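Asker: Quick one: sequence and predicted model below, then my questions.
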Amino acid sequence: MKKEESPIRIAKENEVYGIVDSWYGKDRVIVICDDGVNRICRISGRVIKKFWLKVGDVVLVRIWPFDKSKGDVIHVYTFSEAQWLKKNGYIKNLNF
């Protein structure tokens with residue numbers, strides 16, 4: 001039986017794509033976002049349990065409504081998913 005591919009998660013309102021630049025602490029990273037802002041982002045427990053996050057990974061960040069310089073990492077993309085996003089014009093300003 002062939003495993004069905006899950007659809008790739010696309011950014012919604014208040015979400016941007018980014019690349020993990022460096023670790024900031026236990027569950028925080030600095031992310032270079034597609035909109036040109038470097039954000040300090042929390043890694044949600046759901047992401048920590050599912051993915052092994054490392055510097056250089058392409059992630060989806062939900063921006064905090066009360067502080068635009070911070071956010072939450074809500075999804076981590078595989079390399080092939082990130083290539084698909086870039087090829088189809090979803091990611092414009094990131095080089096990976």
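Answerer: Looks like it arrived, so ask away. Numbering: from 1, shown residues only.
Asker: Tell me who's in contact with residue 57.
Answerer: 19-20, 76-77 (C-beta atoms under 8 Å, 6 or more residues apart in numbering). In short, each C-beta sits where N, CA and C put it, glycine included.
Asker: what pLDDT does it get?
Answerer: Residue 57 is assigned a predicted lDDT (pLDDT) of 93.
Asker: cool, residue 49 as well?
Answerer: For residue 49, pLDDT reads 67.
Asker: Please check the contacts of residue 57 and keep the buried ones.
Answerer: Buried members of the contacts of residue 57, counted by 16 or more other C-beta atoms under 10 Å: 19-20, 76-77.
Asker: so of these, which ones are in strands?
Answerer: 19-20, 76 (DSSP state E).
Asker: Could you point out which of these is nearest to residue 37?
Answerer: Using C-beta to C-beta, residue 19 comes nearest to residue 37 of these, at 12.5 Å.
Asker: In contact with the residue lying closest to that closest one once chain neighbours are set aside, which residues?
Answerer: In space, residue 19 comes closest to residue 32 once its chain neighbours are excluded; the distance is 5.1 Å by C-beta to C-beta, 6 or more residues apart in numbering. Residues in contact with residue 32 (C-beta under 8 Å, 6+ apart) are 18-19, 21, 38, 94.
Asker: and which of these is nearest residue 11?
Answerer: residue 18 (10.1 Å).
Asker: any idea how far that closest one lies from residue 59?
Answerer: Distance of residue 18 to residue 59, given as C-beta to C-beta, to the nearest Å: 5 Å.
Asker: what do you get for residue 69?
Answerer: On the measure of C-beta to C-beta, residue 69 and residue 59 end up 16 Å apart.
Asker: The two: who's more crowded?
Answerer: Shown here are residue 69 and residue 59; by other C-beta atoms under 10 Å, residue 59 has more neighbours (25 against 10).
Asker: mind listing the strands in the chain by residue range?
Answerer: Using DSSP E, strands in the chain cover 15-23, 28-33, 38-43, 58-63, 70-76.
Asker: I'm done for today, thanks for sticking with me.
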